[in-house]
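[1] Quick one, what's the 3D model for this:
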Amino acid sequence: MQKPEEDGDMPQQGVALIARPEFDTATKYGNYYMGVAANYAKNKIILGDLSGPDATKNNINTALSEFDPILCFFLGHGNSDVYTCQNQEVYMQTCFGNEVMQNRNLILLSCSCGIRLGPDTANKGAKAVHCWAVDFIWVASGDPPDDYSKGYFEAVNEIWYAHVDGYLPKEAHDRSIAIWNKWIDYWIQSDDEYASLIVQHMINDRDGQRLYGVGDVPSVPVPGVELLSRIELPMILGETLLFLSMIA
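    Presented below is the predicted three-dimensional model:
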């Protein structure tokens, strides 16, 4: 793998990193749907994908240092001040460790990080931080993809798709909100016995979605810039209705 050329102090456009832990039921769902996001991007940008046991603090920091991605999409449990990766290893906290996001665009799918960690990360120099100021909760039945959970993650993944396709962070946020509204309308009209519950949690997640930072740095290179090859990184429910959350 050829390392991207240095560009001063700015991360590399067209280079992205996904960290998608998998160690419990909630992260199993997030890992699956972020895998869909990874597949969407792998032929469009340079992509590093740390999945399951590879989504550790050390591996994330190594990827940030070696490949300097401008776009990061991180899954994990958390709270207003803490984001954790695989096996709930603390990766960054409010006022500590989040400086590594400077000049990057970050999608942080972790409960309540939008209360303090998200804005603090933007204050440390991140160009955009997409996150949630509420516990991110969804309804699911069986293994992913299931009919109940897919709308939640389609709305989240839309942020990623927009970045990959060259839209600015504010545009990515707005496109995601449109997907939330589409699915909320769908379930409002549904006669499914769980429809009202699904709508309740979708409204919670939609209204808790936040974007911090100036939001004016695209994640893809300007037209005519040649992309390098894909980053190679180490690889390492029954039918009961589930209420799932990224809360610690």
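[2] What ranges in the chain fall below the confidence cut-off?
    1-8, 221-248 (pLDDT under 70).
[3] most remote residue from it's center?
    Ranked by distance from the centre of the chain (CA atoms, centre = their mean), the top residue is residue 191, with 31.0 Å.
[4] Then it would be within a strand, right?
    No - applying DSSP: H, G, I helix; E, B strand; the rest coil, one finds residue 191 to be coil, outside a strand.
[5] ok, it to residue 67 distance?
    48 Å (CB to CB, to the nearest Å). C-betas here are computed from N, CA, C, even on glycine.
[6] give the contact list for residue 160.
    Contact analysis of residue 160 by CB atoms under 8 Å, 6 or more residues apart in numbering lists 37, 40-41, 73, 107, 172.
[7] Now it: which helix or strand?
    helix 150-164 (DSSP states H and E).
[8] and the angle for the following helix or strand past that helix with helix 150-164?
    Beyond helix 150-164 on the C-terminal side, the first helix or strand identified by DSSP H and E is helix 169-188. Using axes from the mean of the first three to the mean of the last three CA atoms, to 10 degrees, the inter-axis angle of helix 169-188 relative to helix 150-164 is 160 degrees.
[9] Residues contacting the following helix or strand past helix 169-188, please?
    The helix or strand immediately downstream of helix 169-188 is helix 195-207, counting by DSSP H and E. With CB under 8 Å, 6+ apart as the test, helix 195-207 has contacts from 132, 134-139, 148, 151-152, 155, 177, 180-181, 183-184, 187-188, 192, 243.
[10] Show me what the helix or strand following helix 195-207 is packed against.
    Sequence order places strand 209-212 as the next helix or strand after helix 195-207, per DSSP H and E. Contact partners of strand 209-212 among helices and strands, from 3 or more CB pairs under 8 Å, 6 or more residues apart in numbering; DSSP states H and E: helix 117-123, strand 128-132, helix 169-188.
[11] now the angle from the longest strand seen in the chain to helix 150-164?
    The residue-count maximum for a strand in the chain (DSSP state E) belongs to strand 12-20. Going by the same axes, to 10 degrees, strand 12-20 is angled at 160 degrees with respect to helix 150-164.
[12] Strand 12-20 pairs with which strands, parallel or anti?
    The pairing partners recorded for strand 12-20 under DSSP bridges are strand 46-51 (parallel), strand 69-75 (parallel).
[13] Return the most buried member of these.
    Highest mean neighbour count of the strands paired with strand 12-20: strand 69-75, a mean of 27 (counted as mean count of other CB atoms under 10 Å).
[14] Just the C-alphas of that one, formatted as PDB.
    Once non-C-alpha atoms are left out, strand 69-75 reads as follows in PDB (Å, rounded to 0.1, in the frame of the first residue of the first chain):
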ATOM      1  CA  PRO A  69      -7.900  10.300   6.600                       C
ATOM      2  CA  ILE A  70     -10.000  13.400   6.300                       C
ATOM      3  CA  LEU A  71     -13.200  11.400   7.000                       C
ATOM      4  CA  CYS A  72     -13.800   9.100  10.000                       C
ATOM      5  CA  PHE A  73     -16.900   7.100  10.800                       C
ATOM      6  CA  PHE A  74     -16.700   5.600  14.300                       C
ATOM      7  CA  LEU A  75     -19.200   3.300  16.100                       C
END
